[in-house]
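Participant: A structural model of the following input is requested.
(2 chains)
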Number of protein chains: 2
Amino acid sequence: MPGYTHVEGLSSADVQRLRSVWAPLADSVRALIDASIRSEVDADEVAAVQAQIDAATARLQAKQIDGPFGVRFTSDGDRMPWGNPAIGIRNPIAPPLVIVKDPDGGVRTDFHLGAPYEGPPGHVHGGMVAMVLDHVLGEVAASDSDRPRFTGTLTIRYLRATPLGDLHAEGRITRTDGIKAFASGHVSDAQGITAEAEGVFILPKWARS
Amino acid sequence: MPGYTHVEGLSSADVQRLRSVWAPLADSVRALIDASIRSEVDADEVAAVQAQIDAATARLQAKQIDGPFGVRFTSDGDRMPWGNPAIGIRNPIAPPLVIVKDPDGGVRTDFHLGAPYEGPPGHVHGGMVAMVLDHVLGEVAASDSDRPRFTGTLTIRYLRATPLGDLHAEGRITRTDGIKAFASGHVSDAQGITAEAEGVFILPKWARS
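Facilitator: Numbering: from 1, shown residues only, chains lettered A, B, ... in the order given. As a prediction, the model looks like this:
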């Protein structure tokens, strides 16, 4: 699988500067997404706002890459998965999750999910819970290696509906066996665990050495 | 669980009119999300565009509901899950999936996933594949009943990476057993199945009669 792009000539300072340009734009689009769902203004106002948004989009599209963002690496070793729908700081669909890696190899993240992630009324869509768990377990499966691992099997047990609001997720490797890593994790709210997951992650053929 | 709101006084014609107001706005925001990820304009232009977006958001927020959208029903029996992140026509995060129910009780959907759903370069994030499968299987589990069923367990087998682009998903009930429904389904591209899923869906306590 191609597309892990090595970006030449970008220092860590350049990456920080780019982050400070693009991350606030995505935050603004996140607020717009929320307002698009919850607004009750009248039809004329919606049409006027839509024209304003289309104009903003056209300005951004005036110069853009062909195709999706990909995953970029720099010479300094910075990783830029900025288009990712779970963690991408440039992707307004992403909450975005901020993944913290613990010294023991586990990973965890504290995050907030609002109106755009609602399935059952007032609660997180089960598919979004799956998205968070897939990502967290995938990060932990890759954390003991420079090489990517892809999800082979993911099993999620929903113990109760996950309320919208402040949430936590974490994962850890339970064992590895050759090209496979086994990981488990959960999503929780202040009252405890709402969903548990187990996953098997596999080193892709093209990355085996 | 409260929040399934019965909206009084809305006819089917009213629902169609509201759809024609709000769905195009969400489409415009979807294009903006894509451009936010792929744009390469300079920092000054990004700042100017961001101000434009913030102004649009403020106009929408001038009148809005408290909290998330919920799931609304009308007296005519129209269902309005418009804030849903998988199928919500007012939710720019949603592709949105258009679910087709077959006479035999199965459901299917043809959809397109672009840059905002990218995990591995050029391919769909595994969590987004899980989101689609959770939703499709949940729809099929609820299709033989007026009552909602929630995901109990979901198991996904990723056979190969799912490319960004035109995709298909489908699901069907394999058996029911009291409060439980067992469903299976898959996501496919033009070359065949990329991921399979099995799920157990449970009628929530508050909906059992």
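
Participant: where along chain A do the helices fall?
Facilitator: A:12-38, A:43-61, A:126-142 (DSSP state H).

Participant: out of these, which is closest to residue B:98?
Facilitator: With CB to CB as the criterion, residue B:98 lies closest to helix A:126-142 of those, at 15.9 Å. For every residue, glycine as well, the C-beta is placed using N, CA and C.

Participant: distance between the closest one and the chain's centre?
Facilitator: From the chain centre to the centre of helix A:126-142 is a distance of 9 Å (CA atoms, centre = their mean, to the nearest Å).

Participant: for residue A:179, which non-adjacent residue is spatially closest?
Facilitator: Closest residue in space to residue A:179, ignoring its immediate chain neighbours: residue A:203 at 4.3 Å, by CB to CB, 6 or more residues apart in numbering or on different chains.

Participant: surely that neighbour is in contact with residue A:177?
Facilitator: No: assessed by CB atoms under 8 Å, residue A:203 is found out of contact with residue A:177, at 11.2 Å.

Participant: these two: which is more packed in?
Facilitator: Just comparing residue A:203 and residue A:177: by other CB atoms under 10 Å in any protein chain shown the higher neighbour count belongs to residue A:203, 21 against 8.

Participant: could you report the neighbour count for residue A:166?
Facilitator: For residue A:166, the tally of surrounding residues (other CB under 10 Å) stands at 11.

Participant: in space, what's closest to it - neighbours in sequence excluded?
Facilitator: Closest residue to residue A:166 apart from its sequence neighbours, by CB to CB, 6+ apart: residue A:112 at 5.4 Å.

Participant: so which residue of chain A lies furthest out from the middle?
Facilitator: Computed with CA atoms, centre = their mean, the residue of chain A farthest from its C-alpha average is residue A:44, at 34.9 Å.

Participant: okay, now the unreliable bits of chain A?
Facilitator: Across chain A, residues meeting the criterion (pLDDT under 70) sit at A:1-3, A:143-148, A:209.

Participant: what about the longest strand in it?
Facilitator: Longest among the strand segments of chain A by residue count, using DSSP state E, is strand A:165-177.

Participant: mind listing what's buried in that one?
Facilitator: Of all the residues in strand A:165-177, those buried under the rule 16 or more other CB atoms under 10 Å in any protein chain shown are A:167, A:169, A:170, A:171, A:172, A:173, A:176.

Participant: quick one: contacts for residue A:43?
Facilitator: Under the criterion of CB atoms under 8 Å, 6 or more residues apart in numbering or on different chains, the contact partners of residue A:43 comprise residue B:21.

Participant: one more: residue A:193?
Facilitator: Under the criterion of CB under 8 Å, 6+ apart, the neighbours of residue A:193 are A:159, A:186, A:187.

Participant: now the phi/psi pair for the residue nearest in space to the middle of chain A, please.
Facilitator: To find the centre residue of chain A, average its C-alpha atoms and take the closest one (CA atoms, centre = their mean): that gives residue A:86, at 1.0 Å. Reported as degrees, to the nearest 10, the phi and psi values for residue A:86 are phi -100, psi -40.

Participant: in strands, which of the contacts of residue A:193 appear?
Facilitator: The subset of those that ends up in strands is A:186, A:187, with DSSP E as the criterion.

Participant: how near is residue A:199 to residue A:154?
Facilitator: Between residue A:199 and residue A:154 the computed distance is 5 Å (CB to CB, to the nearest Å).

Participant: wait, I meant residue A:186
Facilitator: Noted for residue A:186: a distance of 13 Å to residue A:154, by CB to CB.

Participant: who touches both of these two?
Facilitator: Counting by CB under 8 Å, 6+ apart, the common neighbours of residue A:186 and residue A:154 are A:133, A:197.

Participant: looking at these two, which is more packed in?
Facilitator: For residue A:186 and residue A:154, the more surrounded residue by other CB under 10 Å is residue A:154, and the numbers stand at 28 against 20.

Participant: what sits against that one?
Facilitator: Under the criterion of CB under 8 Å, 6+ apart, the neighbours of residue A:154 are A:130, A:133, A:134, A:137, A:197, A:198, A:199, B:126, B:130, B:155, B:156, B:158.

Participant: still on that earlier bit, the residue nearest to residue A:166 contacts residue A:96, correct?
Facilitator: No: at 10.8 Å, residue A:112 does not count as touching residue A:96 under the criterion of CB under 8 Å.

Participant: so for those two, which sits in the more crowded spot?
Facilitator: Taking residue A:112 and residue A:96 together and counting by other CB under 10 Å, residue A:96 has the greater number of neighbours (23 against 10).

Participant: surely the more buried one meets residue A:83?
Facilitator: No: in this structure, residue A:96 is not within contact of residue A:83 by CB under 8 Å, at 10.7 Å.

Participant: closest to chain B out of the contacts of residue A:193?
Facilitator: residue A:159 (9.2 Å; CB to the nearest CB).

Participant: run a quick neighbour tally on that closest one.
Facilitator: Look at residue A:159: counted by other CB under 10 Å, it has 14 neighbours.

Participant: how near is it to residue A:188?
Facilitator: 10 Å.

Participant: so what sits against both of these two?
Facilitator: Applying CB under 8 Å, 6+ apart, one finds that residue A:159 and residue A:188 are jointly contacted by residue A:194.

Participant: quick one on the thing from earlier: quick one: the longest strand of chain A to helix A:126-142, angle?
Facilitator: Put simply, strand A:165-177 runs at 40 degrees to helix A:126-142, going by axes from the mean of the first three to the mean of the last three CA atoms, to 10 degrees.

Participant: strand A:165-177 pairs with which strands, parallel or anti?
Facilitator: In the sheet containing strand A:165-177, the strands it pairs with under DSSP bridges are strand A:107-113 (antiparallel), strand A:180-189 (antiparallel).

Participant: and residue B:9, which of these is closest to it?
Facilitator: Closest approach to residue B:9 among the strands paired with strand A:165-177 (CB to CB): strand A:107-113, 31.7 Å.
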